[in-house]
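Trainee: Any chance you can model this:
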Amino acid sequence: MRRGLAGVVRGPDNTRQQPAGGVAGADTPAVGTSEGWPGAVPDERTRQWHSAHVENAGFYTIRAPDRAYFLARLRSPVVAAIAALGRAHGRPLTILEVGCGSGADSVCLALQGHDVTTIDPSEHLLARARGLADVAAALFPARPLRLRVERGNVFDLPGAAGRYDVVLSFGVVVLWREEERRLRALANLRATLNPGGWLVLGTTNTTHPLFKLLPLIPLVADLADHNLAIMEGEVRQAGFAVVDRGAVGLSEHFDQWLANRLARFPLRLADRVFARLPAGWQLPVAPHVFVVARASGGGRRDGAGFG
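Mentor: Here you go, the predicted model:
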């Protein structure tokens, strides 16, 4: 059993275990500042999002997850892309997810047999991820989960250098309007990878005309101008070769970003239309996009594919 940052661990029997040194959880502030932040105090932008998570109890809620939910999520584009990497390697992967949200991707990757660590600076979200892991463990007892749920942030990853085959981060770099800040985050993600490791990075297409027209809560409306082209350029600057790209429909939590919840009805209709588009047509209009990239010096040529 591997150990990084202190956190909740699931062992081979799918039960929660405490790594040596204890658990940093809801009742035990993580080692760091007097405010309980792990390591370095996050920047103001991260603090704002953390406060939003605490103040809005509904953020990242998954209502009544059942077997059908997890089986569908296992087929989602991001999880499927990482599954393809696992098949290419011929073994389970060591994966770090930075910014876990509900924890759904990390839990599904653990269900596939990968060794997963998922982190977030928000204990509110970590509690959601732990709860989802408990549900998955009960629904799929034959699939032991190697999953750690730990407190941390992209600018402070102690003990993570060079330890992972894959680092996944979706919707994190778009938080910062400053390119320098985004590039620093990408450099930190790259540092967690072993030689030739993989980055799976996702963002919201905030330059999409619909995004500009939607009645969004102020924190979301203030996200960076970001899209596939901008993200690819920054990923290359950070020392990766982009191997593939993918499109994702509306997040299951997207309606929580809306200042006027009535807007969710036309959005859901548009999402159904999007889901029926041929794959090649989805990328230019997708609300969320991601890239699969390999640390330079250890992989296939740009655009060579991974499936």
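Trainee: you'd agree residue 62 is in a helix?
Mentor: No - with DSSP: H, G, I helix; E, B strand; the rest coil as the criterion, residue 62 is assigned coil and is not in a helix.
Trainee: Now do the same contact list for it.
Mentor: 69, 102, 104, 128, 132, 252 (Cβ atoms under 8 Å, 6 or more residues apart in numbering). Using the backbone N, CA and C atoms, a C-beta is placed for each residue, glycine as well.
Trainee: Can you pull out the low-pLDDT segments for the stretch 151-300 of the chain?
Mentor: Applying pLDDT under 70 to the stretch 151-300 of the chain flags the ranges 297-300.
Trainee: Do you have the helices of it handy? List them.
Mentor: With DSSP state H, counting those that start in this stretch, the ranges of helices along the stretch 151-300 of the chain come out as 179-191, 209-213, 218-221, 228-237, 264-275, 279-285.
Trainee: okay if I get the ones you listed as JSON lines plus distance to residue 90?
Mentor: Putting the helices of the stretch 151-300 of the chain into JSON lines (distance: least, Cβ to Cβ, whole Å) gives the following:
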{"stretch": "helix 179-191", "distance to residue 90": "24"}
{"stretch": "helix 209-213", "distance to residue 90": "40"}
{"stretch": "helix 218-221", "distance to residue 90": "40"}
{"stretch": "helix 228-237", "distance to residue 90": "26"}
{"stretch": "helix 264-275", "distance to residue 90": "32"}
{"stretch": "helix 279-285", "distance to residue 90": "26"}
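Trainee: Reformat these into a markdown table and put mean neighbour count and distance to residue 243 next to each item.
Mentor: Listed next are those as a markdown table, based on neighbours: other Cβ atoms under 10 Å; distance: least, Cβ to Cβ, whole Å:
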| stretch | mean neighbour count | distance to residue 243 |
| --- | --- | --- |
| helix 179-191 | 18 | 15 |
| helix 209-213 | 12 | 27 |
| helix 218-221 | 14 | 30 |
| helix 228-237 | 18 | 10 |
| helix 264-275 | 13 | 24 |
| helix 279-285 | 13 | 15 |
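Trainee: Give me the distance between residue 123 and residue 238.
Mentor: Applying Cβ to Cβ, to the nearest Å, the value for residue 123 to residue 238 is 29 Å.
Trainee: Need the contacts of residue 62 in CSV (columns: neighbour count, secondary structure and distance to residue 258).
Mentor: Converted to CSV, these look like this (neighbours: other Cβ atoms under 10 Å; DSSP: H, G, I helix; E, B strand; the rest coil; distance: Cβ to Cβ, whole Å):
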residue, neighbour count, secondary structure, distance to residue 258
69, 19, helix, 22
102, 21, coil, 18
104, 24, helix, 20
128, 23, helix, 20
132, 23, helix, 23
252, 17, coil, 13
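Trainee: Now do the contacts for the closest residue to residue 147 other than its chain neighbours.
Mentor: Closest residue to residue 147 apart from its sequence neighbours, by Cβ to Cβ, 6 or more residues apart in numbering: residue 110 at 4.1 Å. The contact partners of residue 110, taken as Cβ under 8 Å, 6+ apart, are 10, 116, 133, 136, 145, 146, 147.
Trainee: how far is stretch 121-135 from where the chain is centred?
Mentor: Here stretch 121-135 shows a centroid-to-chain-centroid distance of 13 Å under the convention Cα atoms, centre = their mean, to the nearest Å.
Trainee: residues of that stretch that come out buried?
Mentor: Under the neighbour-count criterion of 16 or more other Cβ atoms under 10 Å, stretch 121-135 has 121-126, 128-130, 132-135 buried.
Trainee: Let me see the backbone angles for the residue nearest to residue 147.
Mentor: Per-residue torsions, residue 110: phi -70, psi -40 (degrees, to the nearest 10).
Trainee: and the gap between the residue nearest to residue 194 when sequence neighbours are not counted and residue 285?
Mentor: Leaving aside its sequence neighbours, residue 194 sits nearest to residue 162 (Cβ to Cβ, 6+ apart; 5.4 Å). As judged by Cβ to Cβ, residue 162 and residue 285 stand 38 Å apart.
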